[in-house]
Every structure is written in C-alpha cells, then in structure tokens.
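*Asks:* Sequence first, then the predicted structure:
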Amino acid sequence: FTFGHVRQLDAVASDFLTALAGHAPLLPGIGEFAFLDIDDTVKATHGYQKQGAGYGYTGVKGLNALIATVSTPLCAPVIVATRLRKGSTNSTRGAARLVSDALTTARACGASGIVVVRADSAYYGRDVIAAARRGGARFSITTRKDPAVSRAIAGIDERRWTQIRYPQAVFDEQLQQWISDAEVAEVPFTAFTSRPQAEQVAARLIVRRVRDANPAHTVANDQGELFPAWRHHAVFTDSPQPMFDAEADHRRHAIIEQVHADLKNGPLAHLPSGSFAANSAWLVLAAIAFNLTRATGALAGQLHAKAVTATIRAQLITIPARITRSARRTTLRMPTNWPWQHAFDAIFAAALSPPVTT
C-alpha cells in the first residue's frame, strides 16, 4: 500500500463529494459565494511504531493532518481535500498543492462564483496565494508581524480608524478576557517585495486593533496609561467585499476548528495503523464519512443542517429500533413519539428518490 494508492483514494473522495452534492442540498448558495478554509491539526499518537510520528508546533507527539473545507454563508463546511503529513512538518508543506486540489473539487461541486481562500498566518506565503489565484479564487490570509507589515500599520493615519462593536463578544486567548470593541482600517499593501516584481502580490491590508488591557503592560502604581496601547491583527486580502464584511468573514475562518473537533470526536479518535500510507487512507475515509454524515443532516432538515456529527449520530443514526419479519415482510419497528421522526422520514424519502439534477 503506497502513497499512490492514497492519491487514488483522494480522487474517489473528490468524485464522491461531487456526486453527493447532486443528491443532497449540501452546499446551498455555492454558485454565488463560497469560502475555502485550510488549516492543519496534530493528532496525538502513542508508542514507537507509528511511521512519521514526531513533535510538531503543539509540542505533542503525533501526525499532522492538513485539511481543506468549503462552506457558504448558508451552510456548514464539508471536507474537500486532506493530506496526512509527518508530525514535525512545517504547516505550509504541501499547502499550495492542497489548495489547488481543493479548488478543483469545489468547482466540481458547483462553486462557479466567488471563492475566497481563508487561512491563518502559518500560510502567509507566496506559494499559497499563487495557488489560490491560479485556481481563480480570492484570498484572505492573516499576516505575520514582519517589518513590512509593521511599517504599513504604523503608517495608517489615526483618522482612518473606524470603531466597530461586535454583535457578540470575542474571547481573546492572549488576554484571557472578552473583547467587545475594536477599530478597523485598511491600506494598500504589496507583499513579498524581496522577490522579483512578477512574484510580488498587491492587494489590501485590513487591520483590526484592540486596546491592550494586559496588566503586565500597565503603568506602575496604578497611575493609568498616558497613551493607549493597541494590539494589531492584520489580514492580507483581495476580497471584493467592503472592509467591515471582509474582516468579519475572515474571523469566521475559525469554523474549520469545529471540523477538526468533529473528526477527533469520531474517526480520528485514533490512527490505527503503524503504516503511514494506511493512516493516510484512514484520514481520507474519515473525510468521506464526515461528508456523508453532513449530507444526512442536510437531508433531515433545517434542525440538523448545521448540527455537529455527534448530534447527527445520536439522533438519526444510532436509532433504538428493531427489525421484525412476518408474513414474508420485513418491518423496521421504531419508537413511538420519537422527536426526530420527521427528520428520519425525510432522509428515508430522499434515499428512495432519484438524484437531484444540477
């Protein structure tokens, strides 16, 4: 069993998702606007027989799973591409190729409109952005605080900052507190200026700043601050959306963390083989199972369309029922007054109906 076999299985997973999108309302609105999120996660492993296991950026020994999802403002994400990597790998290794594969699958699923590739600062690089543009997509990537970005932020006129208030407060991990106020501004920005001019990327830098309330940075003796201290979060993007919408949509990139959690709560609870290629195939099969479960929820109705996979398994798959046979007939006897009867009936009716033509 080789990596070539895993790539063949990747093709099967892509074709399966494309066909699944034709059988279920899996990606409503994908023809107008879609988001392609990419991020990696480390799955902890134990023992000494796992090929490729190592210590990555989390400090945990394991294997690194790179995952790409596609979603729309109307639906939950589905997995369009996966790649298992060594535990000690760099986050960007193979990311550009994965973006290309994911965009191909997304287009096959009906993403004929605007697609925005979202990623965190680990993927702020020329190769990932170039892959997005080759696939006809836009990009929205958190920048690293390098000197060029710092100069651009420092050059923003104070009059250009616009105050915003989040509809819902955001918990700041660094400060360990809830943040409800911020200011946003944008400036033109050219990235990767150390490269040849043909490889430089010109777009815009959207910067969000929040007051630094870290007690370690306050003035001694409780004298208060003479000048406000700010922490800045910059996003490099060529999204066609207005500044406020683009900044808010980029923060929703965190939706991919729910996919990671769902996988680790299910098939990625472990990687069962000592063979790296076999574990790579296991990751692809986990993505197929995730997408099939997501389609089940979409067919069940609005209540389960965005439910996590654990909820769908508990309410629609692991059903307390029994099969009886009498007079040459097989009957599935299910509980009375079952609260999800209508959802299950919708799934059963969809299984018997012809596929949706697109």
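*Replies:* Looks like it came in fine.

*Asks:* for stretch 251-262, the distance to its chain's centre please.
*Replies:* Chain-centre distance of stretch 251-262: 5 Å, with C-alpha atoms, centre = their mean, to the nearest Å.

*Asks:* Use 58 as the first number for this chain going forward.
*Replies:* Okay, residue one is now 58; in that scheme the one you just asked about reads as stretch 308-319.

*Asks:* and that stretch, C-alpha only, in CSV?
*Replies:* The C-alpha coordinates for stretch 308-319 follow below in CSV (Å, rounded to 0.1, in the frame of the first residue of the first chain):
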residue,chain,number,x,y,z
ARG,A,308,-12.7,35.9,11.6
ARG,A,309,-15.2,33.1,10.7
HIS,A,310,-12.3,31.1,9.4
ALA,A,311,-12.4,29.6,12.9
ILE,A,312,-15.2,27.4,11.6
ILE,A,313,-12.6,24.9,10.5
GLU,A,314,-11.7,24.2,14.1
GLN,A,315,-15.2,22.7,14.5
VAL,A,316,-14.4,20.3,11.7
HIS,A,317,-11.1,19.3,13.5
ALA,A,318,-13.1,18.7,16.7
ASP,A,319,-15.7,16.6,14.9
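
*Asks:* ok, residues contacting that stretch?
*Replies:* The contact list for stretch 308-319 (C-beta atoms under 8 Å, 6 or more residues apart in numbering) reads 92, 94-96, 98, 124, 126, 128, 133-134, 136, 175-177, 197, 227, 347, 365-367. Every residue, glycine included, has its C-beta placed from N, CA and C.

*Asks:* If we use 6 Å, what do you get?
*Replies:* 94, 96, 98, 126, 134, 175, 365-366 (C-beta atoms under 6 Å, 6 or more residues apart in numbering).

*Asks:* just stretch 353-361 next, same as before
*Replies:* Contacting residues not belonging to stretch 353-361 are listed as 81-83, 362, 364, 369, 373, 400, 403-404, 407 [C-beta under 6 Å, 6+ apart].

*Asks:* Reformat those residues as TSV; add neighbour count and distance to H317.
*Replies:* Output for those, formatted as TSV (neighbours: other C-beta atoms under 10 Å; distance: C-beta to C-beta, whole Å):
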residue	neighbour count	distance to H317
A81	21	23
P82	15	24
L83	23	20
A362	17	20
A364	20	17
I369	22	17
L373	20	22
A400	21	26
A403	17	29
I404	20	26
A407	18	28
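
*Asks:* would you turn those into CSV with secondary structure and distance to F301?
*Replies:* Listed next are the contacts of stretch 353-361 as CSV, based on DSSP: H, G, I helix; E, B strand; the rest coil; distance: C-beta to C-beta, whole Å:
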residue, secondary structure, distance to F301
A81, coil, 33
P82, coil, 29
L83, coil, 29
A362, helix, 27
A364, coil, 29
I369, helix, 34
L373, helix, 38
A400, helix, 37
A403, helix, 37
I404, helix, 39
A407, helix, 39
